[in-house]
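> here is my input; please provide its structure:
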Amino acid sequence: IFAALYRPFIWEARTVFILLSGIENFVLLFLTILVFLKAGIRFVFKQFSENPFYIFCFVYTLSLAIGIGLSTSNFGALVRFKIPLVPFFLMALLLMYNKNKEIKKKKRDNKKTFPI
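Model (predicted):
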């Protein structure tokens, strides 16, 4: 799964095309780590269990990543095969990050208002 989502790495690049893909994968890995650190692992798994769209994105991404990761060792083919799963994975990450920010903002705003 990790190979299908985050490889090729930047240091594995031998061509410009693979280097660009490595930069893309580095950004994707950075965003994944950012969401898990900012939102928290418990929040992420809670969102996966509650929201049907996140469930769909997770199952779709996971099933494609398993198939692609196990069957592909060529980086050029790997980059082409993972094109359908990246938008769903990225969309789920960004929506989850945004929802976490909204929840934290509501908590901050509720602390600022004092009842009379």
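
> what's Ala39 in contact with, if anything?
Listed by C-beta atoms under 8 Å, 6 or more residues apart in numbering, the contact partners of Ala39 are 96-97, 100. C-beta: built from backbone N, CA, C; applies to glycine.

> please read the previous query as pertaining to Phe89.
With contacts taken as C-beta under 8 Å, 6+ apart, Phe89 has the following neighbours: 5, 28, 57, 61.

> then Leu31?
Contacts of Leu31 were listed using C-beta under 8 Å, 6+ apart, and they are 90, 93-94, 97.

> mind exporting the helix or strand encompassing it as PDB, just the C-alpha atoms?
Taking DSSP states H and E as the criterion, the element that holds Leu31 is helix 16-39. Below are the C-alpha coordinates for helix 16-39, written out as PDB (Å, rounded to 0.1, in the frame of the first residue of the first chain):
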ATOM      1  CA  VAL A  16      12.700  13.900 -15.200                       C
ATOM      2  CA  PHE A  17       9.300  12.300 -15.400                       C
ATOM      3  CA  ILE A  18      10.000  10.100 -12.400                       C
ATOM      4  CA  LEU A  19      11.500  13.100 -10.600                       C
ATOM      5  CA  LEU A  20       8.300  15.000 -11.000                       C
ATOM      6  CA  SER A  21       6.300  12.000  -9.800                       C
ATOM      7  CA  GLY A  22       8.700  11.800  -6.800                       C
ATOM      8  CA  ILE A  23       8.000  15.400  -5.900                       C
ATOM      9  CA  GLU A  24       4.300  14.800  -6.200                       C
ATOM     10  CA  ASN A  25       4.600  11.700  -3.900                       C
ATOM     11  CA  PHE A  26       6.600  13.700  -1.400                       C
ATOM     12  CA  VAL A  27       3.900  16.300  -1.200                       C
ATOM     13  CA  LEU A  28       1.300  13.600  -0.800                       C
ATOM     14  CA  LEU A  29       3.200  12.000   2.000                       C
ATOM     15  CA  PHE A  30       3.700  15.400   3.600                       C
ATOM     16  CA  LEU A  31       0.000  16.100   3.500                       C
ATOM     17  CA  THR A  32      -0.800  12.600   4.900                       C
ATOM     18  CA  ILE A  33       1.500  13.200   7.800                       C
ATOM     19  CA  LEU A  34       0.200  16.700   8.300                       C
ATOM     20  CA  VAL A  35      -3.400  15.600   8.500                       C
ATOM     21  CA  PHE A  36      -2.600  12.800  11.000                       C
ATOM     22  CA  LEU A  37      -0.500  15.100  13.200                       C
ATOM     23  CA  LYS A  38      -2.900  18.100  13.100                       C
ATOM     24  CA  ALA A  39      -6.200  16.200  13.300                       C
END
